[in-house]
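Asks: Everything below, folded, please.
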Amino acid sequence: MELLNKSMTNPVERPIKVLQFGEGGFLRAFVDYMIDIANEKGVFDGNIVIVKPIEFGNLDFFHEQDCQYTLSMRGKENNEAKVVNRVITSVADAVAAVEEYDRYMEYAKLDTLRFVVSNTTEAGIVFDETDKFENNPPRTFPGKLTKFLHARYTHFNGALDKGLIMLPVELIDNNGPALKKCVLQFIDLWGLGEAFRQWVLDACIFGSTLVDRIVTGYPRDEAEQVWEQLGYRDNLLDTSELFALWVIEMERDFSAEFPLDKAGLPVIFTDDQKPYKQRKVRILNGAHTSFVLASYLAGNDIVLESMNDETVRKFMMNTIFDEVIPTLTLPESELKEFANAVIERFENPYVKHALLSISLNSVSKWRARCLPSLKGYVEKTGSLPRHLTFSLSALMAFYSGTEIRDGALIGHRGDQEYKVMDDEDVLAFFAENCTKPEKEFAAAFLSNEKFFGEDLTKISDLVQKVAEGLELIHDQGMRKALETIVND
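Replies: Got it, this is the predicted structure:
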């Protein structure tokens, strides 16, 4: 079977416009895919150079396949399982910043270059004062970017039209401003001069982004089967869900230069991404956090099983549509459309998302994802949201255990052990308090300001209702307790 390469795809030669720090599956299934569509639709006309930013790994597969690869998008759409395969031809080159430093730095002199995309993990956008300009390249990603920008500034004699637009997709709040701050710190640390600093401020743009797509990567267990279906081998094969969303917050409007939305892609340009982040965190992430622990104790192991469980599904639907959406600020129609897309994503038959993996650090997740909805509901209606309140009872039940072993609290589902993974002080609290009477346990938990940033016992009737939910779980088991909650 032939290996995928340019002789099979016959890609259109386009100017290099995008430098991409990161060769992983997410960027290839998200950014490179969108640029590929925009090229095909005739709204962008630009290709990508992938940069491997660290020594780990190699680019052999990229070079063997001329940077051509297949993205297989799999999910559920209009209540039907669907698979869409696309050969991505938008990547023109792949270069290693460490092993091929000189070739990598030549791209700083490229006249057509305009965008920098990055996904260097949440720890990638960091200022480290021990990093050095003399390193070829500097060790940190912001250090690499600073030196790259300096080389471009020098080569083009500070021309304002040769600045770059940065689009980091690292999963941290305000990733654009965070990256900009690091670059400015390195300019000061390395003494690169006020003129260069001003060029970065005037000629360059640091966009802040919110990204949403589940990327399942290389399908190791089924690659041979997919190759047979495709009719060729592809060692760079990537897989993802069908859904995608890219929200780009701009400090200065550059949407006309990057018109992915004009290709019908799910890209939103805005001057404020907060409502979209709030929607994602409160509906998508909040739904996960509110139902997975109860679902696990009710006997399910993965999200798909939960969606096929009538009681759990009803609990989730009631939570989203009756208790979360009424507290949000975007138009109700947009919120419901997003919520329905979330439900289809949870029903994806190609993704086996383990509930125990979602359960990690549930206390801090509940605070970030569910507490704002609970408080917003109370503020709006004057009463407690029944399902979100019960999700606290379910969390306490899931975290109930007196033994800490190998850094995990040991819980029990029937005669089966499971590991509760969270910060050491969180696990210690539950080990010490979970055997107390329900109301005393609830009061101790809800009054813990380290967990919630405030004393939740001040919310009228919350201790009583959480304790009642926990008592219901203890007396009847999680499944019957859930049935009582959703049918009451």
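Asks: Report the buried residues of stretch 157-175.
Replies: Buried residues in stretch 157-175, counted by 16 or more other Cβ atoms under 10 Å: 158, 162, 163, 164, 165, 166, 167, 168, 169, 170, 175. Yep, even glycine has a C-beta here, placed from its N, CA and C like the rest.
Asks: how far out from the middle of the chain is it?
Replies: Here stretch 157-175 shows a centroid-to-chain-centroid distance of 20 Å under the convention Cα atoms, centre = their mean, to the nearest Å.
Asks: any idea how this protein splits into domains?
Replies: The chain is divided into the following domains under automatic domain parsing: 6-271, 275-487.
Asks: possible to save the buried residues of stretch 157-175 as JSON lines with secondary structure, pLDDT and distance to residue 70?
Replies: As requested, these are exported to JSON lines (DSSP: H, G, I helix; E, B strand; the rest coil; pLDDT from 0 to 100; distance: Cβ to Cβ, whole Å):
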{"residue": "158", "secondary structure": "coil", "pLDDT": "98", "distance to residue 70": "42"}
{"residue": "162", "secondary structure": "helix", "pLDDT": "98", "distance to residue 70": "35"}
{"residue": "163", "secondary structure": "coil", "pLDDT": "98", "distance to residue 70": "35"}
{"residue": "164", "secondary structure": "coil", "pLDDT": "98", "distance to residue 70": "30"}
{"residue": "165", "secondary structure": "strand", "pLDDT": "98", "distance to residue 70": "28"}
{"residue": "166", "secondary structure": "strand", "pLDDT": "98", "distance to residue 70": "29"}
{"residue": "167", "secondary structure": "strand", "pLDDT": "98", "distance to residue 70": "24"}
{"residue": "168", "secondary structure": "strand", "pLDDT": "98", "distance to residue 70": "26"}
{"residue": "169", "secondary structure": "coil", "pLDDT": "96", "distance to residue 70": "22"}
{"residue": "170", "secondary structure": "coil", "pLDDT": "94", "distance to residue 70": "26"}
{"residue": "175", "secondary structure": "helix", "pLDDT": "96", "distance to residue 70": "29"}
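Asks: where does this structure dip in pLDDT?
Replies: Applying pLDDT under 70 to the chain picks out no residues at all.
Asks: So residue 211: helix, strand or coil?
Replies: strand (DSSP: H, G, I helix; E, B strand; the rest coil).
Asks: And the nearest residue to it once chain neighbours are set aside, how far from residue 271?
Replies: Of all residues not flanking residue 211 in the chain, residue 169 sits nearest, at 4.7 Å (Cβ to Cβ, 6 or more residues apart in numbering). Going from residue 169 to residue 271 by Cβ to Cβ, to the nearest Å gives 19 Å.
Asks: next one: residue 86
Replies: With Cβ to Cβ as the criterion, residue 86 and residue 271 are 32 Å apart.
Asks: How about residue 95?
Replies: 34 Å.
Asks: Specify which residue of those two has the higher count of neighbours.
Replies: residue 95 (21 against 9; other Cβ atoms under 10 Å).
Asks: Does the more buried one lie in a helix or a strand, and which?
Replies: Following DSSP states H and E, one finds residue 95 within strand 91-96.
Asks: do residue 357 as well
Replies: helix 355-358.
Asks: buried stuff in stretch 236-245?
Replies: Neighbour-count burial for stretch 236-245, counted by 16+ other Cβ under 10 Å, picks out 236, 237, 238, 239, 240, 241, 242, 243, 244, 245.
Asks: need those residues in TSV with distance to residue 387 and secondary structure, can you?
Replies: Output for the buried residues of stretch 236-245, formatted as TSV (distance: Cβ to Cβ, whole Å; DSSP: H, G, I helix; E, B strand; the rest coil):
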residue	distance to residue 387	secondary structure
236	43	coil
237	40	coil
238	37	strand
239	33	strand
240	30	strand
241	26	coil
242	28	coil
243	24	coil
244	29	coil
245	25	strand
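Asks: now, among those, which is nearest to residue 404?
Replies: Of all the buried residues of stretch 236-245, residue 404 sits closest to residue 241, with 35.9 Å by Cβ to Cβ.
Asks: Go ahead and confirm the closest one touches residue 347.
Replies: No: Residue 241 is beyond contact range of residue 347, at 10.8 Å (criterion: Cβ atoms under 8 Å).
Asks: List the buried residues for stretch 475-488?
Replies: 477, 478, 479, 481, 482, 483, 485, 486.
Asks: And for stretch 420-427?
Replies: Residues of stretch 420-427 classed as buried by neighbour count (16+ other Cβ under 10 Å): 420, 421, 422, 426, 427.
Asks: got a markdown table for those residues, with secondary structure too?
Replies: Compiled in a markdown table, those are given as follows (three-state DSSP):
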| residue | secondary structure |
| --- | --- |
| 420 | strand |
| 421 | coil |
| 422 | coil |
| 426 | helix |
| 427 | helix |
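Asks: For those residues, which two are the farthest from each other?
Replies: Put simply, by Cβ to Cβ the two of these set farthest apart are 421 and 426, 9.7 Å from each other.
Asks: Which parts of the stretch 351-488 of the chain are helices?
Replies: According to DSSP state H, counting those that start in this stretch, the stretch 351-488 of the chain carries its helices in the segments 355-358, 362-369, 371-381, 386-398, 424-433, 438-446, 449-452, 462-476, 478-487.
Asks: how far away is the residue nearest to residue 25 when sequence neighbours are not counted from residue 17?
Replies: Nearest residue to residue 25 in three dimensions, chain neighbours excluded: residue 217, at 4.0 Å (Cβ to Cβ, 6+ apart). Distance, residue 217 to residue 17, using Cβ to Cβ: 26 Å.
Asks: who's more crowded, these two?
Replies: Using other Cβ under 10 Å as the criterion, residue 217 and residue 17 rank with residue 17 on top: 22 against 14.
Asks: gap between the closest residue to that one other than its chain neighbours and residue 117?
Replies: Using Cβ to Cβ, 6+ apart and skipping the chain neighbours, the partner closest in space to residue 17 is residue 46 (3.1 Å). For residue 46, the distance to residue 117 equals 12 Å [Cβ to Cβ].
Asks: Confirm residue 17 sits in a strand?
Replies: Yes: assessed with three-state DSSP, residue 17 lies in a strand.
Asks: surely residue 148 meets residue 109?
Replies: No: under the criterion of Cβ under 8 Å, residue 148 is not in contact with residue 109, lying 10.4 Å apart.
Asks: So for residue 46 and residue 117, which residues contact both of them?
Replies: residue 18 (Cβ atoms under 8 Å, 6 or more residues apart in numbering).
Asks: Counting neighbours, go ahead and name the busier of these two.
Replies: Neighbours were counted for residue 46 and for residue 117 using other Cβ under 10 Å; residue 117 has more, 24 against 20.
Asks: Show me what the helix or strand hosting that one pairs with in its sheet, parallel or antiparallel.
Replies: Element membership for residue 117 (DSSP H and E) is strand 115-118. When pairs are called by DSSP bridges, strand 115-118 turns out to pair with strand 16-21 (parallel), strand 165-168 (parallel).
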